[in-house]
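In: no sequence on this one, just coordinates:
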DNA sequence: TTATGGATCTTCT
DNA sequence: GAAGATCCATAAA
């Protein structure tokens, strides 16, 4: 299986556009000489203004610095004392916006994902932002990495087409929860929540 | 099947 | 000192 990385201009456009364009694409992880891959089935947009749920709402800090970088960088943060979450940075330099990858459908390297997760259940292998980071061994070392050039982690094209995109409220937030900034592939089993 | 609390630590106030 | 873009085991129903 060969993978074709998306072109650099894939990350241009608004955060909401990138969030919906990421659906159906492949998230690639190159680790221990093996490929881990899955289809992105669920994303959330976090905007640079008028979005109190976004980490960037408080301005740039040491933690969210990557969000303010150029589009196509990875923003990985640690939360709840034990979990990492993976984001794709969007927008102009100096503006803090990103797309949270909430869930992928595992396609390749499933055995290694199970090893990293310490679980054998395929149904919850990569369903949820913290679980997919665990399955792909994503941690803060990947914060700020450029998805346009990195060989460790990047986004690739897929031939998946003809799916329906559903837009809804974001999960697990307290502020700005009324905004419809979550995108997922309709009827996909690996979407974390309906 | 749903509800609850614990884990556990970084960041910001 | 409190809260958090979460997950899991356990308990209750």
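Out: That came through fine. Predicted, not measured: the structure shown is a model, and the values here were computed from it.

In: rest of the way, CA atoms for contacts and neighbours
Out: Fine.

In: so what does the residue most central in space within chain A have for phi and psi?
Out: Centroid-nearest residue in chain A, with Cα atoms, centre = their mean: residue A:101, separated by 2.2 Å. Summarising the backbone geometry of residue A:101 under the convention degrees, to the nearest 10, its torsions are phi -90, psi 110.

In: tell me the bridge partners for the nearest residue to it once chain neighbours are set aside.
Out: Taking Cα to Cα, 6 or more residues apart in numbering, and ignoring the residues beside it in sequence, residue A:101 has residue A:43 as its nearest neighbour in space, at 4.7 Å. Beta-bridge partners for residue A:43, by DSSP bridges, are residue A:101, residue A:183.

In: residue A:43 reaches residue A:25, doesn't it?
Out: No - Residue A:43 is not in contact with residue A:25 according to Cα atoms under 8 Å; the separation is 11.3 Å.

In: who's more crowded, the two?
Out: A count of neighbours by other Cα atoms under 10 Å puts residue A:43 above the other of residue A:43 and residue A:25, at 30 against 21.

In: quick one, what contacts the more buried one?
Out: Taking Cα atoms under 8 Å, 6 or more residues apart in numbering, we find residue A:43 in contact with A:19, A:20, A:22, A:23, A:99, A:100, A:101, A:102, A:103, A:182, A:183, A:184.

In: repeat for residue A:91
Out: Taking Cα under 8 Å, 6+ apart, we find residue A:91 in contact with A:12, A:13, A:14, A:15, A:70, A:71, A:97, A:98.

In: you'd agree it is in a helix?
Out: No - membership of residue A:91 in a helix is not supported by DSSP: H, G, I helix; E, B strand; the rest coil, which gives coil.

In: tell me how far it lies from residue A:48.
Out: In this view, residue A:91 and residue A:48 are 8 Å apart by Cα to Cα, to the nearest Å.

In: kindly report the same for residue A:69.
Out: According to Cα to Cα, residue A:69 stands 12 Å off from residue A:48.

In: and for residue A:160?
Out: 30 Å.

In: was I right about residue A:167 contacting residue A:180?
Out: Yes - assessed by Cα under 8 Å, residue A:167 is found in contact with residue A:180 at 6.1 Å.

In: hang on, the earlier thing: among the contacts of residue A:91, which lie within strands?
Out: residue A:98 (DSSP state E).

In: mind listing what's buried in stretch A:24-37?
Out: In terms of neighbour count (16 or more other Cα atoms under 10 Å), stretch A:24-37 has its buried residues at A:24, A:25, A:26, A:27, A:28, A:29, A:30, A:35, A:36, A:37.

In: which SS class is the first one?
Out: What that stands for is residue A:24. coil.

In: so where's chain A uncertain?
Out: Residues of chain A meeting the criterion pLDDT under 70: none.

In: check contacts around residue A:97.
Out: Taking Cα under 8 Å, 6+ apart, we find residue A:97 in contact with A:15, A:45, A:46, A:47, A:48, A:54, A:56, A:67, A:68, A:89, A:90, A:91.

In: go again using 7 Å as the cut-off
Out: Contacts for residue A:97 (Cα atoms under 7 Å, 6 or more residues apart in numbering) come out as A:15, A:46, A:47, A:48, A:67, A:68, A:89, A:90, A:91.
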